[in-house]
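S.K.: Sequence below, structure please.
(one chain, ligands or ions: 2)
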Amino acid sequence: MKSLLIDGIAELTTNDEANGGRLRDAAVVIEGDRIAWVGSGSAAPEADERFDAAGRAILPGWVDSHTHLVFGGDRTAEFEARMAGEAYAAGGINVTVEATRAASDAQLEANLARLVSEAVRGGTTAIETKTGYGLTVADELRSARIAARHVEAVTFLGAHVTPGGTDPDAYLELVTGPMLDAVAPHASAVDVFCETGAFDEAASRRVLEAAAARGLATRVHGNQLGHGPGVRLAVEHGALSVDHLGFLDDADVEALARSWDAGPRGAVADSAHGRGSGARGTVATVLPACDLSTRMPLAPARRLIDAGAVVAIASNCNPGTSYTSSMGFCVATAVLQMGLTVAEAVRAATLGGAVALGTDRDGWTDPRGAQQPALGAVRPGARADLQMLEAPSATHLAYRPGMLLTAAVWKAGARVV
Ligand SMILES: N=CN[C@@H](CCC(=O)O)C(=O)O
Ligand SMILES: [Zn+2]
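M.R.: Ligands and ions are numbered 1, 2, ... in the order given. Model (predicted):
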């Protein structure tokens, strides 16, 4: 197995409490698909090959824990109408459902591959994506199958909206029964859009319970368009994450924070979070690009972190509410407009995403059935997923917003950019 020494790193974000989460004048050794060694440049061991970072910053690749990349068409007209003052409503999803059903497998896969490759060019090394624009058994199944060939995690989102012309009760039966059974072998989690115009509390609960009955993890799209039961439901149910979070009350914030105090889901790599609770809670996933694109309030990420919640930042790349996979843009927005420090935002977009996907520990299984090393941190044993910036520190992500700072990307030890 060949080894690669990367030295000359001015600033290395590790997300590893063992070294305070960040090292200066650092070096990393990669062996195969894993990190083998991390430390000071002056103590670096020999390796087969050497890459000189020449005073630039390296950080873990972005872990984008919320996207919808299996779709046909786009929604430019809807975006223009929104910018002219119309409000976003869940019903727009049906436009993409029609275009997705009309697309061939090859068209859907080519579009997905294009979007994944855009994301990689921006430093993303792990992506979750959802079904949810098919909404028939056959279309959800092919969406999941196509996604499974390209991403780190596939989530079943049959409960996105009730498709036009369908009886809501009959559709809920389908989503929690035959559709779930068909898609479950290709997905690791189930999501529900718990919102006015999509699924109410009772229906959302049924979706989560059906997922749990089949041993699948759960997520919730919650509190996006107004205050609702999404966060409460997600925490009560023990969901991996609840995403959007534009409208939270004090009880929601408290519930998300307290979910990490003592939970039913076993030990977490708490040292990686600087938390000692030993229990796994529900990650609060904020989607800054979506908040901007829908002209909705920015999720209160500062308040969530101050309360003790574990926060992830994701792109929510989709044709309706957030047509960007730029995690750099999301991080810059989280710093400039949500009040996070650069270190907090980078952590949320790397380790936070990995925790939201349950991929922050060794041995998670990817959609192709392969066991994978931990994501989201640069420490021995973790997957060698790194991005180098054309800058001496991660601060430049917010200090120079909108600039293309990705200079190199390694995914599972292989140079991909
Ligand atoms: N909110 C629900 N689903 C997507 C948007 C889907 C769409 O409008 O196409 C989201 O996360 O924003
Ligand atoms: Zn979404």
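
S.K.: where does the stretch 301-417 of the chain dip in pLDDT?
M.R.: By pLDDT under 70, the stretch 301-417 of the chain has no low-scoring segment.

S.K.: Break down it into its strands, ranges please.
M.R.: 311-313, 364-365, 371-372, 386-389, 406-411, 414-415 (DSSP state E, counting those that start in this stretch).

S.K.: Give the partner strands of the last one in its sheet and their orientations.
M.R.: Looking back up the chat, that one is strand 414-415. strand 406-411 (antiparallel) (DSSP bridges).

S.K.: Residue 72 belongs to a helix?
M.R.: No: the assignment for residue 72 is coil, going by DSSP: H, G, I helix; E, B strand; the rest coil, so no helix is present there.

S.K.: How about the contacts made by it?
M.R.: By Cβ atoms under 8 Å, 6 or more residues apart in numbering, the contact set of residue 72 is 96, 99-103, 107-108, 111, 133. (Each C-beta comes from the backbone N, C-alpha and C, glycine too.)

S.K.: Next one: it relative to residue 112, how far apart?
M.R.: 11 Å (Cβ to Cβ, to the nearest Å).

S.K.: Point out the most buried one among the strands of the stretch 301-417 of the chain.
M.R.: Of all these, strand 311-313 carries the top mean neighbour count, a mean of 30, counting by mean count of other Cβ atoms under 10 Å.

S.K.: which other helices and strands contact that strand?
M.R.: strand 283-286, helix 301-307, helix 327-336, helix 342-349, helix 351-357 (3 or more Cβ pairs under 8 Å, 6 or more residues apart in numbering; DSSP states H and E).

S.K.: nearest to residue 243, of the ones you listed?
M.R.: strand 283-286 (3.9 Å; Cβ to Cβ).

S.K.: All the strands of the stretch 1-150 of the chain, in order from the start?
M.R.: Using DSSP E, counting those that start in this stretch, strands in the stretch 1-150 of the chain cover 3-13, 22-31, 34-40, 49-60, 62-64, 124-130.

S.K.: so of these, which one's packed in deepest?
M.R.: strand 62-64 (a mean of 32).

S.K.: so residue 82 touches residue 292, yeah?
M.R.: No: counting by Cβ atoms under 8 Å, residue 82 does not reach residue 292; the two are 11.1 Å apart.

S.K.: if we can go back for a sec, which of the contacts of residue 72 sits closest to ligand 1?
M.R.: Nearest to ligand 1 among the contacts of residue 72: residue 96, at 5.1 Å, using Cβ to the nearest ligand atom.

S.K.: quick one: contacts for that closest one?
M.R.: Applying Cβ under 8 Å, 6+ apart, the residues near residue 96 are 71-73, 75, 133, 318-320.

S.K.: which one of the residues you listed has the most neighbours?
M.R.: Tallying neighbours with other Cβ atoms under 10 Å puts residue 133 at the head of those, with 32 neighbours.

S.K.: Excluding chain neighbours, give the residue nearest to residue 193 in space.
M.R.: residue 221 (4.3 Å; Cβ to Cβ, 6 or more residues apart in numbering).

S.K.: Now that neighbour: which helix or strand?
M.R.: strand 217-222 (DSSP states H and E).

S.K.: so what does the helix or strand following that strand touch, helix or strand wise?
M.R.: Later in the chain than strand 217-222, the nearest helix or strand by DSSP H and E is helix 230-237. Contact partners of helix 230-237 among helices and strands, from 3+ Cβ pairs under 8 Å, 6+ apart: helix 201-213, strand 217-222, strand 241-244, helix 250-258.
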